[in-house]
Structure formats: C-alpha cells, structure tokens
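Asker: This is a predicted model, with the sequence first.
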Amino acid sequence: MSELTELVTTEWEKALTSNKEVALPKLAETIIESNKEAVQRESRGLVFNAVLKLLKGIAKKTADDSGQLELFGFPSVIAIPSDDGYVYIRATAATFDKLKAGCVIRQANVDRAQIKLDLFKEAIAKVEPVMSGTEMTLMDAVAASGQALAIQGAQAQD
C-alpha cells in the first residue's frame, strides 16, 4: 500500500471516529495540507506515469507512421528491444543491426495481429450459420445458440 493510501485511510478512520459527518472535499484538503511532502512525492509519481504514457503513445505512433523514407521504405523512427522494454531511434541514425532489430519487433507485431485475426475469423465462422442473411445481433445469436444447446441437452437426457 502506498504511503498516501495509508495516510488517507488513517485520516478517514480518524474523521469517522471524531466527527458525526465527514465532508470528503474538506477532509481531502486537510489531508493535503497536513501531508504536503507525501502528496508531493505521490504527485510526482502520478505525473511521471502520465508523461510516460503520453511518450509511449507518441513513440508508437511515430514508429508506426506511414511517412516512409523515400526510396527505402523505412519508417522515420524504429523501436529496438532493450533491457527496459524499447528504445527509439531515427531510422537514418540506425546501424544495420539496429534496423534488423527493428524488423524483428515489426514481425512480432504482425504475428500477434495475425493470431487475433485468425481467432476473429474462427468466431465469425461459428456464428455464420445462425446470423448470415439476418439482422440478428451477436447477442441474439449467442442467446439463440444457448437455447439450442439447452434443448439439445434436455433431449439427450430423455
């Protein structure tokens, strides 16, 4: 449990035992004012995570961009595996080994996408006999299939 979580829990319990009514905004202000250092540490962690999330999104978008270098077909930025996940480098600054490492990442992404596509196609094939040519929703098809299975199960018991 984080330091801030512990502080908030303790203050909540204190407020409940010492007051008949607890106004959450007022309690929040009291906690923030009386624990400025802990709040500052927690705030930095939250901001760090938010910035990191934004950076990951931008890096992924940049590495996946369609702005290919003329004549060669490279993206402007490539992702390369590292001990910390990935590092990113402009394709124009990459050595041949780094270009190959970036290709491995792209191939892994394609392989994962192909697995998901195959599963989706299998699922479509399963519902096609019930849904094809109708305006039935997937929810309707699942309900109809469940009813059919229940009927089959009851007939098998007879």
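Answerer: That came in fine, so what should we check first?
Asker: dump the residue contacts of residue 85.
Answerer: If you count contacts by Cβ atoms under 8 Å, 6 or more residues apart in numbering, residue 85 has none. Backbone N, C-alpha and C define where each C-beta goes, glycine included.
Asker: And it, how close does it get to residue 138?
Answerer: For residue 85, the distance to residue 138 equals 36 Å [Cβ to Cβ, to the nearest Å].
Asker: Please apply the same query to residue 51.
Answerer: 39 Å.
Asker: Would you mind finding the longest helix in the protein?
Answerer: Once the chain is assigned using DSSP state H, the helix that runs over the most residues is helix 96-131.
Asker: That one packs against which elements?
Answerer: strand 77-82, helix 138-157 (3 or more Cβ pairs under 8 Å, 6 or more residues apart in numbering; DSSP states H and E).
Asker: What's the mean pLDDT across it?
Answerer: Mean pLDDT, helix 96-131: 93.
Asker: same thing with stretch 63-82?
Answerer: pLDDT averaged over stretch 63-82 gives 73.
Asker: Can you report phi and psi for the residue most central in space within the chain?
Answerer: Central residue of the chain (Cα atoms, centre = their mean): residue 53, 10.3 Å from the mean position. Dihedral pair for residue 53: phi -60, psi -40, per degrees, to the nearest 10.
Asker: How much space separates the nearest residue to residue 145 once chain neighbours are set aside from residue 120?
Answerer: Distances taken as Cβ to Cβ, 6 or more residues apart in numbering place residue 130 nearest to residue 145, at 6.4 Å, with adjacent residues excluded. Applying Cβ to Cβ, the value for residue 130 to residue 120 is 17 Å.
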